[in-house]
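Novice: sharing a model that was predicted from the sequence below.
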Amino acid sequence: MSQPTAVSLTQYLSFFIAGEEYAIGILQVREIIEYETVTRVPSAPPWIRGVTNLRGSVLPVVDLAMKFGLPPSTINRRSCIVVVEVSFQGEKLVMGVLADAVGQVLDLGPGDVEPVPAFGTSVQADYLAGMGRAGKKFILLLDIDRVLSGQELRATSVVVP
Amino acid sequence: MKTDLEMVRLAFRAEATELLANLERDFLVLEDSGPGGAEGVLRSIHTLKGNALLMGFPEASEVAHTVEDLLARISQRAIPVTPAVVTLLLQGVDALRLQIGLSPTGEGRERLDVNELRRRLKQAASAGASPEPSPERDGGPSSERPPEAAAHAAPERTLRVGLDRLDRMLDLTGEIAIARGRLTAMLEKAGSYSAEQLLEAHREADHLYLDLQELVLRARMVPIGRAFQPFARTLHDLCAATGKLVRLELSGEEVEVDTTVVDLIRDPLTHLIRNAVDHGIELPSVRKQRGKNYLGTLRLRAFHDAGSIVVEVADDGAGLDRERIRERARALGLLGPNEERQDAELFQLIFVPGFSTAERITKLSGRGIGMDVVKANIEALRGTIAIESTAGAGTTFRMRLPLMLSIIEGFSVGVGEETYVLPLQSVLECVELPREEPRQGRTGVLGLRGQPLPWLRLREHFGVEGPAPERESVVVIHHGRGQAGLVVDTLFGQGQTVVKPLSKLFQHVPGVSGSAILGTGRVALILDVPTLFEKALRLPAPRLPEAPSPTDSP
């Protein structure tokens, strides 16, 4: 992964899931698309919402809310799909992350990222890369590769009969 | 965007891959073709040497140089072509592959250190002439590793397409542009044309689109020989390791298949060939005792048959041991104590994960892994695999694959909001669900022309929401073990469907083989009929599928 070396600022894109603001490194974000009808894939893990048509190719859409153990996201006017690139079993895989709304683009320097506290966060600490300071509040920086990691996917999809 | 240098690197790697594959092939026949054969090879290795140096692989260039030296000596008839020399040359090919960042095809255990290999190559080259005074030209240990980028960059999936094919596509796109322009012009003044005229213009353009589609699909077709080629080498290594003597017979290398087939069939073929040599074909002494030719034969064959492609791996070895398979199946509980099966069905059991009758575990096979992988790969290609075996006379594995992978004749059905596509070849007929059948329940049996037909209600099986319609239809489907019915809401009919692979995320989802994009822009799933029923049959009848969460469907 190429990190900007000249400038120590890293850009993140933030979005909302179940009222909480999360952010992903912008280099992993490909685009943001409007919510389109998602076709459910039977027997897939419940947090995989289904597949949608992204200009002729088939894009899997995941519902992180369910992954985090929250009730499934409901679709609203501002719902959108953040198209991200993740590493899956050593391959680059493109998938969509369902978000209630898109937030902002954050510029965070090394000093703005705090380590994740051992407990107290709304999601498992190992899904987080850090806590980004934005003004007075903290934004949860997701380690999206980890959240959607191969191990996780495999394990989850295998248990489902 | 790729930089120019990256593009050049990619081109170099593609060329090197091909050159090395050709070298390997030529080396394998060197024993038969003699010194004359070495001359032709010299040119290829020389090209490779130059290119490797140019592209910043000095080590590879050095190895190529020593290989070239050895070949030169062979072509001068200074050294005889012995099996040892051939093995050395093949190791040279592997070393070159490794240094250029390609994966070697040889069986791992024989690989040597590069410096050691170079030394041996030199030694062999100097064997026939006055010994070379300097043992090593550059004594430095191989501190220089091949550039990281080359070794780790994920290989880009590329395909060589004949220029004439591309030219025809270009011509056709030109024609399409004209037809489109004409259609637009007509539509802008739609008032002055009749509906028939407009439809006619559209049909003309449509014809061109279809031609283009056909051409693009054809461009994906490559000769299956590309998948067969590496096996000459595999066999050579296997024979060396087992002490067996096996002759490889190839036929139908020119049969064209989808490029995905070439990629995906390689592993199954490797497993089957290893099994054939390790368990099938007997040692030369044993073969002689049994009155067979001491030289075993392994046949790799490809041919077209009834709209599909058949690939066969046949050996003339001992054949499958029916008794042992039966015993093992009983031990694993796959077969009842007094249950009997037909050969074809019994042999299918060897594809069950963990099923192995091998008494000993060798380096090559017998761990009980592999055969299930073979079956999985073949099924991923929407194919089937059958086994024929005669005790004492050999075993034939017959893989039947669809001709086109990227397009299928599909039959669309609707369930609630969802549309599913079934491969038309498995659809036999459609009937209305008789009124006396229950409106609820996942499975049941109805009588069709006096025969019982088990059915599966897709709505409940997949947990689709919404109320069931007044009338439901049954699509009668032919699957591996007979006929069955799929109960659906609506029938949309047949049509050509372009298959879009589902993401790797869904590789463990049973019953779904791919997806297609509908005219509405929505994605429809293509159902994999055999696994769908296999799963349905395994589940106890009254149990509902995974309870769908209320918001699962949008």
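Specialist: Happy to help now that I have it.
Novice: for chain A, name the helix or strand with the lowest mean pLDDT.
Specialist: Using mean pLDDT, DSSP states H and E, helix A:150-159 stands out as the lowest-scoring helix or strand of chain A, at a mean of 43.
Novice: run through chain B and note the low-pLDDT ranges.
Specialist: For chain B, the stretches flagged by pLDDT under 70 are B:1-4, B:34-36, B:103-112, B:127-156, B:306-307, B:356-370, B:404-405, B:480-481, B:508, B:537-554.
Novice: where do the domain boundaries of it fall?
Specialist: As assigned by automatic domain parsing, chain B contains the domains B:4-151, B:163-219, B:223-402, B:407-536.
Novice: of the ones you listed, which is nearest chain A?
Specialist: Shortest separation from chain A across these is recorded for domain B:407-536, at 3.9 Å, computed as Cβ to the nearest Cβ. For every residue, glycine as well, the C-beta is placed using N, CA and C.
Novice: A:I32 contacts A:V84, correct?
Specialist: No - between A:I32 and A:V84 there is no contact under Cβ atoms under 8 Å: 10.0 Å.
Novice: okay, these two: which has more neighbours?
Specialist: Higher neighbour count among A:I32 and A:V84: A:V84, with 24 against 16, using other Cβ atoms under 10 Å in any protein chain shown.
Novice: enumerate every residue touching the residue nearest to the more buried one when sequence neighbours are not counted.
Specialist: Nearest non-adjacent residue to A:V84, counting by Cβ to Cβ, 6 or more residues apart in numbering or on different chains: A:Q28, 5.1 Å away. Taking Cβ atoms under 8 Å, 6 or more residues apart in numbering or on different chains, we find A:Q28 in contact with A:V84, A:E85, A:V86, A:I144.
Novice: of the residues you listed, buried ones?
Specialist: Among those, those scoring as buried are A:V84, A:V86, A:I144 (criterion: 16 or more other Cβ atoms under 10 Å in any protein chain shown).
Novice: which residues of chain A fall in helices?
Specialist: Using DSSP state H, the helices of chain A run over residues A:64-67, A:144-147, A:150-159.
Novice: what's the burial count for residue 87?
Specialist: As the question left the chain open, I've gone with chain A. Neighbours of A:S87 under the rule other Cβ under 10 Å: 16.
Novice: not quite, go with chain B.
Specialist: By the criterion of other Cβ under 10 Å, B:T87 has 16 neighbours.
Novice: for it, pull up the helix or strand it's in.
Specialist: Using DSSP states H and E, B:T87 sits in helix B:83-100.
Novice: can you name the element that comes right after that helix?
Specialist: Downstream of helix B:83-100, the next assigned helix or strand under DSSP H and E is helix B:114-127.
Novice: quick one: average confidence on stretch A:19-28?
Specialist: Stretch A:19-28 shows a mean pLDDT of 91 in the predicted model.
Novice: with stretch A:33-48 instead?
Specialist: Taken as a whole, stretch A:33-48 has a mean pLDDT of 87.
Novice: distance between the ends of that stretch?
Specialist: 17 Å (Cα to Cα, to the nearest Å).
Novice: where in chain A is pLDDT low?
Specialist: Where chain A drops to pLDDT under 70, the residues are A:1-7, A:149-161.
Novice: and the stretch 301-450 of chain B, which of its residues are near chain A?
Specialist: Applying Cβ under 8 Å from any Cβ of the partner chain, one finds that the stretch 301-450 of chain B approaches chain A through B:E418.
Novice: now the strands: where do they sit in the stretch 301-450 of chain B?
Specialist: Counting by DSSP state E, counting those that start in this stretch, the stretch 301-450 of chain B has strands at residues B:308-315, B:384-390, B:394-402, B:407-415, B:418-423, B:427-432, B:443-448.
Novice: buried set for the second one?
Specialist: When neighbours are counted by 16+ other Cβ under 10 Å, the buried residues of strand B:384-390 are found to be B:T384, B:I385, B:I387, B:E388, B:S389.
Novice: the fourth one bridge partners, please.
Specialist: Beta bridges link B:E388 to B:T396, judged by DSSP bridges.
Novice: for it, which residues are in contact?
Specialist: By Cβ under 8 Å, 6+ apart, B:E388 lies in contact with B:D343, B:A344, B:T395, B:T396, B:R398.
Novice: quick check: B:E175 is in a helix.
Specialist: Yes - according to DSSP: H, G, I helix; E, B strand; the rest coil, B:E175 belongs to a helix.
Novice: how about it, nearest residue that isn't a chain neighbour?
Specialist: Leaving out its chain neighbours, the residue that sits closest to B:E175 by Cβ to Cβ, 6+ apart is B:L208, at 5.4 Å.
Novice: count of residues packed around that neighbour?
Specialist: By other Cβ under 10 Å, 18 other residues sit near B:L208.
Novice: sec struct for it, please.
Specialist: Three-state call for B:L208 (three-state DSSP): helix.
Novice: and it, what does it touch?
Specialist: Shown in contact with B:L208 (Cβ under 8 Å, 6+ apart): B:L172, B:E175, B:I176, B:A179.
Novice: up against chain B, what does chain A have?
Specialist: The interface of chain A toward chain B, taken as Cβ under 8 Å from any Cβ, is made up of A:36-44, A:46, A:48-53, A:56-60, A:71-72, A:74-75, A:88-95, A:153-154, A:157-158, A:160-161.
Novice: those residues, buried ones only, as a PyMOL selection?
Specialist: In PyMOL syntax, the buried subset of these is picked out as below (16+ other Cβ under 10 Å):
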select buried, chain A and resi 36+38+39+40+41+42+43+44+46+48+49+50+51+52+53+58+59+60+72+88+93+94+95+153+157+160
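Novice: inside strands: which ones of the residues of chain A next to chain B?
Specialist: A:48-53, A:57-60, A:88, A:91-95 (DSSP state E).
Novice: from the residues you listed, pick the one nearest B:A227.
Specialist: Distance to B:A227, by Cβ to Cβ, is smallest for A:E91 among those, at 21.7 Å.
Novice: in this structure the closest one contacts B:Q507, no?
Specialist: No - using Cβ under 8 Å as the test, A:E91 is too far from B:Q507 to be in contact (11.6 Å).
Novice: how about stretch B:522-541, does it reach chain A?
Specialist: Yes - using Cβ under 8 Å from any Cβ, stretch B:522-541 comes into contact with chain A via B:R522, B:V523, B:A524, B:L525, B:K535, B:L539.
Novice: list buried residues within those residues.
Specialist: The neighbour-count test (16+ other Cβ under 10 Å) marks B:R522, B:V523, B:A524, B:L525, B:K535 as buried among the residues of stretch B:522-541 next to chain A.
Novice: can you redo those residues as JSON lines with distance to A:D112?
Specialist: As requested, those are exported to JSON lines (distance: Cβ to Cβ, whole Å):
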{"residue": "B:R522", "distance to A:D112": "42"}
{"residue": "B:V523", "distance to A:D112": "40"}
{"residue": "B:A524", "distance to A:D112": "45"}
{"residue": "B:L525", "distance to A:D112": "44"}
{"residue": "B:K535", "distance to A:D112": "50"}
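Novice: out of these, which sit inside helices?
Specialist: Taking DSSP H, the ones among these that sit in helices are B:K535.
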